[in-house]
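Engineer: Okay, predicted coordinates and the sequence, questions at the end:
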Amino acid sequence: MTNIPAPPALLIRTDDVSSPAVIELLLDHLRNCQLATPPESTHALNLDGLRRPEITLWTIWSGPNLAGCGALKHLDAQHAEIKSMRTAPNFLRQGIAAAMLQHLLAQAQLRGYSRVSLETGAMAYFEPARRLYANFGFVACEPFANYIPDPNSVFLTKEL
């Protein structure tokens, strides 16, 4: 019998959007969103947007390798928005997005939010994301915060 080493444990940490690996993943996220979505319907935050004080970004690591990221945006005392969920290409379909989403929901609860919402695309490209959110109990909602109705957007929410 051969001993196969276990994969490194996942580590989730708060990030300041300064490391080259994180910047590269986020720029890839922006490029892909812009390719899949008309400009007027693209709501992904740029790097400066993710550095704003109302945003907390977390990254998820497998050993030394960046596996994904996700952020919470403070909307008000009871409501937060999920932003910038992205899995690195080498980690797709390995549970990274689910681990990050679980972390974001736990952080939202710790911060006292009673509701978490998000906007994602309505196009086929975003189907895996919509399926993930549905699996975690997110349901369709009206546009929130500064969003307006948009046929290219799907708005989802979850009560905590």
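Structural biologist: Cool, the structure landed. The model shown is predicted, which means the values in this text are computed figures rather than measured ones.
Engineer: Could you check how many residues crowd around residue 72?
Structural biologist: By the criterion of other Cβ atoms under 10 Å, residue 72 has 23 neighbours. Yep, even glycine has a C-beta here, placed from its N, CA and C like the rest.
Engineer: Repeat that for residue 45.
Structural biologist: So residue 45, with other Cβ under 10 Å, has 20 neighbours.
Engineer: same question, residue 80
Structural biologist: 27.
Engineer: show me the contacts for it.
Structural biologist: Residue 80 sits next to 72-74, 108, 111, 113, 115-117 when contact means Cβ atoms under 8 Å, 6 or more residues apart in numbering.
Engineer: and if we set it to 10 Å?
Structural biologist: With contact set as Cβ atoms under 10 Å, 6 or more residues apart in numbering, residue 80 has these partners: 54, 56, 71-74, 104-105, 107-108, 111-118, 160.
Engineer: Counting neighbours, which of these end up buried?
Structural biologist: Buried by 16 or more other Cβ atoms under 10 Å: 56, 71-74, 104-105, 107-108, 113, 115-118, out of the contacts of residue 80.
Engineer: Just the residues you listed: which are in helices?
Structural biologist: Mapping those onto helices (DSSP state H) picks out 104-105, 107-108.
Engineer: Read off the pLDDT value for residue 132.
Structural biologist: Looking at residue 132, its pLDDT is 96.
Engineer: actually residue 5, not the one I wrote
Structural biologist: Reported pLDDT at residue 5 in the predicted model: 56.
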